[in-house]
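# Give me a model of this one.
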Amino acid sequence: MSEPEPSERAEHLRLVPAVDGDHSDSASGSAPDDGDSRGSEPRDSKTRDSETRDSKTRDSETRSDAELATAKAAESVSGSDAETASEADADALEEPAEVTAARAVLADADAVSFFKSMSGLARTSQSSLLGPMPYSAGYSYHDPSCVVADPEPVGPETVALYCRAAYPDFDQILGTAFMDPALDPVLTEIFHLLTYENSNVAIVTNHGQIIDIALVIGAFLTSMCDSGRTFGVLGEVADPDDLANRSNVVVSRMVATRQAIGLPVVQLLQSGTRVFFSVPQTQSRRRAKLDPELVRANNVVMRHELDKQMSLGGQVLAMAASGSQDISAASGLVRKARTAWRQRRGDEPPETATMHLQPLYNGTMNLMLGCKYVLPVAISLESETPGCVVGSVTRVHSGDECHRVMDWIAEAHQRVTGVPTVYHWHEDDLLTHVRSLINR
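Residues are numbered from 1 along each chain as shown. Model (predicted):
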């Protein structure tokens, strides 16, 4: 059916109100109603006047009904707006009292003192790449009340440039692993989980060096957004800015006090991901003698903000949790552990160095379980035994399955490095002894 000419559309629009409100013959488009043509009598003037008054009354009632409907519609829109505002107010009021109180604690904290205490978490052995940076009120993340820094995407090419500057073997070790054609189905699955299933995916690694998780998420982003990467037979591609806004990483708040390659570390991370600041529940935190109230307040607010972000769905959460730290990677621990072996057992320890992954904390496991889907990654940045292995997307249902994921990471680490690697499901004497060595 052809579209009517403008003049015809205008005529049609003029007729529409008449159909609804004006019951004249010309409006209805029907022949004049003169009654039954076979036996109708001519109507006198009084009859015609009466019918005219009745017609006017019907017209008035019709208009009143239309005006009433319009008024009701306006009230409905206004009510809808009011309901939306009420829902927003309700959301604000629904923040747990514990979180509100924690925000107040952080707001009252002295920013400079807080910055110095977080800087005290750094260990000189962690990475020669990271150096201290001065406090500046110009950086929002130097404010104690800031627990998350939003992404500021710069594109995959710049992310790759930063990663190479931080780790010159980035392309050879991590790039090769994430660009392996055998991994294509895994990355396609992740793309579909994020964009169509609105599911969350956790990227979980062992924790050997402080920069390992940053490099892993950098490799993930650059691989997903590679110019030659498509998903499925329809050739879909990932949007770099969208993926950056879906990506999240949890790091020690100490990172906010560091700089690398001439830039704040947080700024480097923001180039490809959202950054959440946690204060780790580890010996380093206790060694730095941080205010327990501030530590708790930071983590309460951070977890609340993280939960809100993850509730949106379609999120990536990268974690190298402190609970899974490679204890033998710390400075001097291998030698000290071998000495402790001699003292305890009275014989020589094995010549082969071993790697021990500490148990996951409950908080880490809860995040993994909350995401449901986990991408395990084994990583080693040691110059003698570098390597990276990316596993398959794995659905976790319980704490035991989270431990089994870490078992896989330990086995993959051993396979790629040749270093015997053990993941400890629970605390044991060796871990207790190593922690005592760290505290000295």
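# contacts and neighbour counts: CA atoms only from here.
Will do.
# could you pull out the strands for the stretch 151-300 of the chain?
Per DSSP state E, counting those that start in this stretch, the stretch 151-300 of the chain carries strands over the ranges 201-205, 247-252, 258-260, 263-264, 274-278.
# could you list every residue that touches the residue lying closest to V148 once chain neighbours are set aside?
Distance criterion Cα to Cα, 6 or more residues apart in numbering; nearest residue to V148, sequence neighbours excluded, is F276 at 4.4 Å. The contact partners of F276, taken as Cα atoms under 8 Å, 6 or more residues apart in numbering, are 147-149, 248-251, 302, 306.
# Quickly list what F276 is bridged to.
Beta-bridge partners for F276, by DSSP bridges, are V148, V250.
# Quick one: the strands of the stretch 151-300 of the chain as a markdown table, columns for mean pLDDT and distance to A219 too.
Listed next are the strands of the stretch 151-300 of the chain as a markdown table, based on pLDDT from 0 to 100; distance: least, Cα to Cα, whole Å:
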| stretch | mean pLDDT | distance to A219 |
| --- | --- | --- |
| strand 201-205 | 97 | 12 |
| strand 247-252 | 95 | 13 |
| strand 258-260 | 95 | 18 |
| strand 263-264 | 96 | 20 |
| strand 274-278 | 96 | 16 |
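# and of these, who's closest to A166?
If you check each of the strands of the stretch 151-300 of the chain against A166 by Cα to Cα, strand 258-260 wins as the nearest, at 7.6 Å.
# circling back to that earlier point, could the contacts of F276 be laid out in a markdown table, adding distance to V266 and neighbour count?
Output for the contacts of F276, formatted as a markdown table (distance: Cα to Cα, whole Å; neighbours: other Cα atoms under 10 Å):
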| residue | distance to V266 | neighbour count |
| --- | --- | --- |
| V147 | 12 | 24 |
| V148 | 10 | 21 |
| A149 | 8 | 18 |
| N248 | 12 | 30 |
| V249 | 11 | 24 |
| V250 | 11 | 21 |
| V251 | 10 | 23 |
| M302 | 16 | 24 |
| L306 | 17 | 21 |
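# How many neighbouring residues does P420 have?
Taking other Cα atoms under 10 Å as the criterion, the count of residues near P420 is 15.
# pretty sure it is touching A412, no?
No. Judged on Cα atoms under 8 Å, P420 makes no contact with A412 at a distance of 10.3 Å.
# Report the contact partners of the closest residue to M368 other than its chain neighbours.
The shortest distance from M368 to any non-neighbouring residue, by Cα to Cα, 6+ apart, is to A202 (6.2 Å). Residues in contact with A202 (Cα under 8 Å, 6+ apart) are 316-319, 367-368, 371-375.
# Just the ones of those residues in strands?
In this view, these that belong to strands under DSSP state E are 316-319, 373-375.
# now, the most widely separated pair of those?
Longest span within those, Cα to Cα: M319 and Y373, 13.1 Å.
# returning to what we had before: looking at the strands of the stretch 151-300 of the chain, spot the one closest to Q358.
So among the strands of the stretch 151-300 of the chain, strand 201-205 is nearest, using Cα to Cα, at 12.4 Å.
# what about the helices in the stretch 251-400 of the chain?
Taking DSSP state H, counting those that start in this stretch as the test, the helices found in the stretch 251-400 of the chain are 265-270, 283-287, 292-310, 333-345, 362-371, 399-417.
# Most tightly packed of the ones you listed?
helix 265-270 (a mean of 22; mean count of other Cα atoms under 10 Å).
# State the mean pLDDT of that helix.
Averaged across helix 265-270, the pLDDT comes to 97.
# any idea how far the residue nearest to G155 when sequence neighbours are not counted lies from M310?
What sits nearest to G155 in space, not counting adjacent residues and going by Cα to Cα, 6+ apart, is P240, at 6.2 Å. Shown here: P240 relative to M310, a distance of 19 Å by Cα to Cα, to the nearest Å.
# and what of P185?
P185 is 24 Å from M310, by Cα to Cα.
# where in the stretch 51-200 of the chain is pLDDT low?
Within the stretch 51-200 of the chain, the segments meeting pLDDT under 70 span 51-93, 124-128.
# which stretches of it form helices?
Using DSSP H, counting those that start in this stretch, helices in the stretch 51-200 of the chain cover 97-108, 111-119, 156-166, 170, 176-178, 184-195.
# now those helices in JSON lines, with mean neighbour count and distance to P264?
Output for these, formatted as JSON lines (neighbours: other Cα atoms under 10 Å; distance: least, Cα to Cα, whole Å):
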{"stretch": "helix 97-108", "mean neighbour count": "16", "distance to P264": "22"}
{"stretch": "helix 111-119", "mean neighbour count": "18", "distance to P264": "13"}
{"stretch": "helix 156-166", "mean neighbour count": "18", "distance to P264": "12"}
{"stretch": "helix 170", "mean neighbour count": "21", "distance to P264": "20"}
{"stretch": "helix 176-178", "mean neighbour count": "20", "distance to P264": "26"}
{"stretch": "helix 184-195", "mean neighbour count": "18", "distance to P264": "29"}
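# Tell me how many other residues surround the closest residue to H413 other than its chain neighbours.
Spatially, and ignoring its direct neighbours in sequence, H413 is nearest to A378 (5.3 Å; Cα to Cα, 6+ apart). Neighbours of A378 under the rule other Cα under 10 Å: 27.
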